[in-house]
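>>> Got a sequence here, can you build the structure:
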Amino acid sequence: MSARQAARGFTLIEVLVSLTIVAITLGAGIKAAGALTGNAERLAKIGSAQWCAENQLTEMRLGKQFPGVGDSEFACEQLGLHYLGRLVVRPTPNPSFRRVEAVMRDAEGQVLLSISTIMARY
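As a prediction, this is how the structure comes out:
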């Protein structure tokens, strides 16, 4: 056996190419994990904001008061997060019904969601 045939292994270029492929793959994996984390945080924020809005609309229904036309502000805290809400009450073509919209914002003022319902005169 000659000395050239006895020396086996990878060349420097082959090692560098494989390391580059591994680095690109790990970078893509880290980016995907970061996106999943961001989406999970956003889902938690929107879910708890929806609870706040639904609680406010349910409170209005249980109060059995026909809401007056206009806007009103409210605050809510869910899962340790503070939300600012606005109830927007508008008339409908039928005077026995009102359209009520709950718009939820986070502490920075960014709109997270809006929920609408129709309330009837009791």
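>>> quick one, longest helix in this structure?
For the chain, the helix reaching the highest residue count under DSSP state H is reported as helix 12-63.
>>> Mind telling me which residue is nearest the centre of this protein?
Nearest to the centroid of the C-alpha atoms of the chain, with distances taken as CA atoms, centre = their mean, sits Arg42, at 2.9 Å.
>>> wait, what's in contact with Leu81?
Shown in contact with Leu81 (CB atoms under 8 Å, 6 or more residues apart in numbering): Lys45, Ser48, Ala49, Asp106, Ala107. Bear in mind the C-beta positions are built from the backbone N, C-alpha and C, glycine included.
>>> mind running it again at 6 Å?
Under the criterion of CB atoms under 6 Å, 6 or more residues apart in numbering, the contact partners of Leu81 comprise Ser48.
>>> Show me what stretch 54-61 is in contact with.
Stretch 54-61 has contacts (CB under 6 Å, 6+ apart) with Phe74, Ala102, Thr117.
>>> just the buried members of those?
Burial of the contacts of stretch 54-61 was assessed by neighbour count (16 or more other CB atoms under 10 Å); the buried members are Phe74, Ala102.
>>> Just give me the closest of the contacts of stretch 54-61 to Gly34.
For the contacts of stretch 54-61, the residue nearest Gly34 by CB to CB is Ala102; the value is 31.6 Å.
>>> Now intersect the contacts of stretch 54-61 with the strands, please.
Judged by DSSP state E, the subset of the contacts of stretch 54-61 located in strands is Phe74, Ala102, Thr117.
>>> Need the residues you listed in CSV (columns: pLDDT and distance to Lys31).
Formatted as CSV, the entries for these read as follows, by pLDDT from 0 to 100; distance: CB to CB, whole Å:
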residue, pLDDT, distance to Lys31
Phe74, 94, 39
Ala102, 95, 35
Thr117, 93, 40
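>>> Need the contacts of stretch 54-61 in CSV (columns: distance to Gly29).
Formatted as CSV, these follow (distance: CB to CB, whole Å):
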residue, distance to Gly29
Phe74, 43
Ala102, 39
Thr117, 43
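>>> of the contacts of stretch 54-61, closest to Val17?
If you rank the contacts of stretch 54-61 by distance to Val17 using CB to CB, Ala102 comes first, at 56.7 Å.
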